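[1] I need the structure of the sequence given here:
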Amino acid sequence: MDRFVADFHIHSRYSHDSFMRPEKILAVAREVGLDVVAITDHNSIQGGLEGRKYQERSGIQVIVGSEVKSDAGDIIGLSIEEEIRSRAWKDVIDEIKGQGGIVVLPHPYRSHHSIQDLAEAVDLVEVWNARSTPEQNAQALELASRLGKKGLMGSDAHLYREIGSVKVAYEDDSWVLNETLCARYASTRDICSSQVIGHMRKGEFLSLILEGGKWVARKVL
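    Below you'll find the model as predicted:
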C-alpha cells in the first residue's frame, strides 16, 4: 500500500465513554472509504487488539494504540503491543518509544500543560481533531509548524457516525500527510452523547437525573 486513507483517533467500548464494538468500527470504516484506523482507547490497547482480529476479513488495517492520561494531559501511543503503565508524561513517552511505538500529542490545547515540553518530546502533533474548536486546531497547527513536527489528524470518534469525519491520505511508512480528504467537526450532540455514556458507565446516574442537560453541557464546555 503506497498511499493509504486513515482516521488515526477512534475509541471503542474499551473506553469509558464509548460503546462502539471494534468489529463494527472496521465495517463502518470500510463503508466510509478508509484503509487504516487507529483504535486509541483511554488507557487501554484492548480495543486495538480486538479490532486487529478482524482486519483481514474487513480489509481494514488496524493500528493498535492507546490514549494515555498522563500528569500533563493525554498522550497517544501508536503501534504498541503492551499496555502503558506509567502516568508521568516523560515515562509514558519512554514506555511508548521502548516498544518501538509512535508518540502523538493529541489536541494539545485541551487540558494539557507543559505543552511546549510535550510537543518537543513527541513524534507527531495532532493538528486536527474533530472534537476540538477551530481555534484549538489552529493553535495545534502553529505549534507543529514552529517545532517542525509532522501533523496527524483524527476524528476522535466515540460514536459510529463520527468515524471518517476526518480522512487523510498518507504515504506508507513515512507519516507524511499527502492530502486532507475530509475534515469535519463533530456535532455538539455527538460530544454530549459520549459524555452521557461516560457518566452513565461510571454510575453517575443521580447527577444526570438531577441536573440533566445543564450538567452535561458544563462537563462538555
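
[2] list the buried ones in the helix or strand containing Cys182?
    Of the helices and strands defined by DSSP states H and E, Cys182 is found in strand 177-183. Judged by neighbour count (16 or more other Cβ atoms under 10 Å), strand 177-183 contains these buried residues: 177, 182. For every residue, glycine as well, the C-beta is placed using N, CA and C.

[3] chain center to it, what's the gap?
    16 Å (Cα atoms, centre = their mean, to the nearest Å).

[4] Partner strands of it, with direction?
    Neighbouring strands of strand 177-183 in its sheet, by DSSP bridges, are strand 166-171 (antiparallel).

[5] which phi and psi does Ser165 have?
    The phi/psi pair for Ser165 (degrees, to the nearest 10) reads phi -70, psi -20.

[6] Report pLDDT for it.
    Reported pLDDT at Ser165 in the predicted model: 96.

[7] my guess is it meets Cys182, correct?
    Yes: Ser165 lies in contact with Cys182 (Cβ atoms under 8 Å); the separation is 6.8 Å.

[8] Does the spatially most central residue of the chain belong to a helix, a strand or coil?
    The centre of the chain sits closest to His9, judged by Cα atoms, centre = their mean, with a distance of 2.9 Å. Secondary structure, DSSP: H, G, I helix; E, B strand; the rest coil: His9 is strand.

[9] Against Ser66, how distant is it?
    For His9, the distance to Ser66 equals 11 Å [Cβ to Cβ, to the nearest Å].

[10] show me where the protein has strands.
    Secondary structure of the chain (DSSP state E): strands at 3-10, 36-42, 61-70, 73-78, 102-105, 124-129, 150-154, 166-171, 177-183.

[11] can I get those in CSV with distance to Tyr54?
    Below are the strands of the chain laid out as CSV (distance: least, Cβ to Cβ, whole Å):
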stretch, distance to Tyr54
strand 3-10, 14
strand 36-42, 11
strand 61-70, 8
strand 73-78, 19
strand 102-105, 22
strand 124-129, 25
strand 150-154, 20
strand 166-171, 20
strand 177-183, 23
